[in-house]
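The sequence and its predicted three-dimensional model are supplied below.
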Amino acid sequence: QLRLAESGGGFVQPGGSLRLSCATSGFTSDYYATGWFRQRAPGQEREEVACWNFIDNSTNYGDYVKGRATITRDSAKDTIYLEMNNLKPTDTAVYYCAASKNKYGGSCLRPLFIDWGQGTQVTVSS
């Protein structure tokens, strides 16, 4: 069974940076992608932040964070990272790590992701 555990959330001032970590265990060869999503408020849909495609190691980013986010993967540590800079109050959200068994998961379409972590809160405020 795949386990995903996020960490690294907290309070950040506008313009600041953060790095979130997703410790994983149980990845099997039938997973095609992993990624970060966020939910800005209860009841809102989770939106894509960044995804990593295991097929070709390509990445994909949501429009709201392009140019400000970087997803990386440390295979030795089984950990996925999300680095974001120039944070804005609108980046305030619960950030989730997720994984997809769909071969199109690298497109970062949320419905293709079936395994989710518990999330970590990020608050951007002065």
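All right, it came through fine.

list the contacts for residue 96?
6, 36-39, 46, 116-119 (C-beta atoms under 8 Å, 6 or more residues apart in numbering). All C-beta spots, glycine's among them, are computed from the backbone N, C-alpha and C.

Including neighbour count and secondary structure, could the residues you listed go into TSV?
As requested, the contacts of residue 96 are exported to TSV (neighbours: other C-beta atoms under 10 Å; DSSP: H, G, I helix; E, B strand; the rest coil):
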residue	neighbour count	secondary structure
6	22	strand
36	28	strand
37	24	strand
38	23	strand
39	15	strand
46	19	coil
116	15	strand
117	21	coil
118	10	coil
119	18	coil
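
Out of those residues, which is nearest to residue 61?
Nearest to residue 61 among those is residue 36, at 9.6 Å by C-beta to C-beta.

Could you measure from the most centrally placed residue in the chain over to residue 85?
The centroid of the chain falls nearest to residue 36 when counting by C-alpha atoms, centre = their mean (1.4 Å). Separation of residue 36 from residue 85 (C-beta to C-beta, to the nearest Å): 15 Å.

Please apply the same query to residue 100.
26 Å.

neighbour-wise, which of those two wins?
Between residue 100 and residue 85, residue 100 has the larger neighbour count (other C-beta atoms under 10 Å), namely 25 against 14.

Quick check, that one in contact with residue 113.
Yes: at 4.6 Å, residue 100 and residue 113 qualify as touching, with contact defined as C-beta atoms under 8 Å.
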